[in-house]
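Engineer: Structure, please.
(one chain, ligands or ions: 1)
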Amino acid sequence: MQALELEKLPRHLAIIMDGNGRWAQERMLSRILGHKKGVETVRTIVEESSLLGIQYLTLFAFSSENWLRPKSEVRSLMALLKKYIAMETPRMMRNNIRFNVIGNPDELPDDITKALQTAMAKTSGNSGMLLTLALSYGSRQEILRAVANLAVDMVAGRVSKEDLTDDLFSGYLYTGGLPEPDFLIRTSGEMRISNFLLWQLAYTELYFTQVNWPDFDKGHFYDALRNFQARERRYGLTSDQLRKGE
Ligand code: FPP
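Structural biologist: Residues are numbered from 1 along each chain as shown. Here you go, the predicted structure:
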């Protein structure tokens, strides 16, 4: 098996954690048991990423559209999330992980918002990996919000049409200040982006695996990272230009 090159890891890794429901259904278990098992995978991947020295890990944990799921599933997911934050904050402190959230906080229950804010405040002085959970997150909503805020600044004369660059616009997104993802993993065989980081994924390498999220283990994770390391990122240039460093 080919070893991992530690100097060639994605700086920012994003993951669409999919297939918890199918994992459970295949075993005649309730969907929520699939999510519970999914939380164990979250622990493994967060810990591995931090040990490997990945600087930014962004996990799609709950989409704007997930609110439309049966109420009991939404309630259970929120309860799991609250438990996860309580259990994991001490571990984040031990691993020097900084915790961050993107998405629409207005849609989250108050107790969850408070728990998230506490975890962010507690870990804000850490200098290791930045772990971002996308919660109540939708990329089109994020872009519209950015456009609205940008329009306000333009009308107020704080930004002119000439100022408008990719970088300036990126700063209006929830992910402002984060580098764009280098690598996106989606589990469970679905080959879609599903309203996740649409602007930010412009040059991201995409990786899809059949494995459901609860089964995605360290071995699968390393396979994905090795696959990333074998790729050549050209950003629209030719291989020749890249070799010559033009
Ligand atoms: C997709 O599986 C997963 C989700 C909607 C949520 C992901 C949530 C977790 C891994 C657990 C909670 C997370 C944290 C960080 C505490 P699915 O239900 O869409 O699966 P399916 O497509 O097979 O139905």
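Engineer: quick one: least confident helix or strand in this protein?
Structural biologist: For the chain, using mean pLDDT, DSSP states H and E, the weakest element among its helices and strands is helix 239-244, scoring a mean of 82.
Engineer: outside of that one, which residues touch it?
Structural biologist: 232, 234 (C-beta atoms under 8 Å, 6 or more residues apart in numbering). C-beta here means a position set from N, CA and C on the backbone, and glycine is covered the same way.
Engineer: same deal with stretch 213-229?
Structural biologist: So stretch 213-229 is contacted by 2, 4-5, 8-10, 17-20, 23-24, 34, 37-38, 40-41, 44-45, 48, 52, 182-183, 185, 187-188, 205, 207, 209, 211 (C-beta under 8 Å, 6+ apart).
Engineer: next one: stretch 54-68
Structural biologist: Residues contacting stretch 54-68 (C-beta under 8 Å, 6+ apart): 9-17, 42, 45-46, 49-50, 74, 77, 81, 102-104, 107, 129-138, 141, 175, 178-179, 181, 194-197.
Engineer: Next, check those against the helices and list the overlap.
Structural biologist: 42, 45, 46, 49, 50, 74, 77, 81, 141 (DSSP state H).
Engineer: Return the members of those classed as buried.
Structural biologist: Applying 16 or more other C-beta atoms under 10 Å to those, the neighbour count classes 42, 45, 46, 49, 50, 77, 81, 141 as buried.
Engineer: Pipe those residues into TSV and attach pLDDT per row.
Structural biologist: Shown next, in TSV, are these (pLDDT from 0 to 100):
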residue	pLDDT
42	98
45	98
46	98
49	98
50	98
77	96
81	97
141	97
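Engineer: which pair in those residues spans the largest distance?
Structural biologist: 50 and 141 (29.3 Å; C-beta to C-beta).
Engineer: show me which of the contacts of stretch 54-68 neighbour the ligand.
Structural biologist: Restricting those to those touching the ligand (C-beta under 6 Å from any ligand atom) yields 17, 42, 81, 133.
Engineer: how far away is the residue lying closest to the last one once chain neighbours are set aside from the ligand?
Structural biologist: Put plainly, it is residue 133. Leaving aside its sequence neighbours, residue 133 sits nearest to residue 61 (C-beta to C-beta, 6 or more residues apart in numbering; 4.8 Å). As for residue 61, its distance to the ligand is 4 Å (criterion: C-beta to the nearest ligand atom, to the nearest Å).
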